[in-house]
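> quick one, fold the following:
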Amino acid sequence: VQIVESGGGLVQPGGSLRLSCAASGFTFSRYVLSWYRQAPGKERELVATITSVGGTTNYADSVKGRFTISRDNAKNTMYLQMNSLKSEDTAVYYCNAQYMFSATLKYWGQGTQVTVSS
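Numbers count the residues shown, from 1 in each chain. Predicted coordinates for the structure are as follows:
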């Protein structure tokens with residue numbers, strides 16, 4: 001199993017970034033996918049989730065209207081489009097994949113750093 005995030009970097013406030021999460025080694029389409037983030041000195045928090053069937057999405061209140069989660073099952077890839085970025089969005093962003101029939105079978109990526117600063 002391999003999960004690799006990419007697309008992080010340094011961006012000015014108000015800017016945009018698109019994160020990608022490429023997965024292999026498991027049946028991608030059967031997993032609920034999520035983005036989490038962890039800022040320095042803070043606990044890891046859930047940012048957005050997309051279901052395995054139907055593609056229903058949910059977002060943390062702090063990112064609603066600014067971030068969009070999506071998935072391409074044919075490419076085994078998930079995305080997070082981040083617009084109108086704020087300094088408080090600075091964090092390491094992690095990809096999580098949880099099997100739709102089990103709460104305990106889940107995988108994590110290594111994370112990608114997003115820094116919002118002028």
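> from here on, contacts and neighbour counts on C-alpha atoms
OK.
> the residue most central in space within the chain bridge partners, please.
Centroid-nearest residue in the chain: residue 35, 2.6 Å away (criterion: C-alpha atoms, centre = their mean). In this entry, residue 35 is beta-bridged to residue 48, residue 95, by DSSP bridges.
> how far away is it from residue 118?
Remark: distance between residue 35 and residue 118 (C-alpha to C-alpha, to the nearest Å) = 25 Å.
> circling back: let me see the contact set for the residue nearest to the centre of the chain.
Contacts for residue 35 (C-alpha atoms under 8 Å, 6 or more residues apart in numbering) come out as 46, 47, 48, 49, 80, 93, 94, 95, 96.
> now, of those, which are buried?
46, 47, 48, 49, 80, 93, 94, 95, 96 (16 or more other C-alpha atoms under 10 Å).
> for the strand or helix carrying the first one, packing partners?
Secondary-structure element containing residue 46, defined by DSSP states H and E: strand 45-50. Here strand 45-50 touches strand 31-38, strand 57-59, strand 67-72, going by 3 or more C-alpha pairs under 8 Å, 6 or more residues apart in numbering; DSSP states H and E.
> could you give the angle of the last one to strand 45-50?
Put simply, strand 67-72 runs at 50 degrees to strand 45-50, going by axes from the mean of the first three to the mean of the last three C-alpha atoms, to 10 degrees.
> so strand 67-72 versus strand 31-38, what angle?
Going by the same axes, to 10 degrees, strand 67-72 makes 150 degrees with strand 31-38.
> hang on, isn't residue 66 packed against residue 83?
Yes - using C-alpha atoms under 8 Å, residue 66 makes contact with residue 83 at a distance of 5.1 Å.
> follow-up on the earlier one: ok, which of the helices and strands packed on strand 45-50 comes nearest residue 113?
Between residue 113 and these, the tightest spacing by C-alpha to C-alpha is seen for strand 31-38, at 9.3 Å.
> extract the C-alpha set from that closest one and format it as PDB.
In PDB, the C-alpha atoms belonging to strand 31-38 read as follows (Å, rounded to 0.1, in the frame of the first residue of the first chain):
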ATOM      1  CA  TYR A  31     -12.500   3.700   0.400                       C
ATOM      2  CA  VAL A  32     -13.800   6.800   2.000                       C
ATOM      3  CA  LEU A  33     -11.200   9.500   1.400                       C
ATOM      4  CA  SER A  34     -10.400  12.400   3.600                       C
ATOM      5  CA  TRP A  35      -7.900  15.300   4.000                       C
ATOM      6  CA  TYR A  36      -6.600  16.100   7.400                       C
ATOM      7  CA  ARG A  37      -4.300  18.800   8.500                       C
ATOM      8  CA  GLN A  38      -2.000  19.500  11.500                       C
END
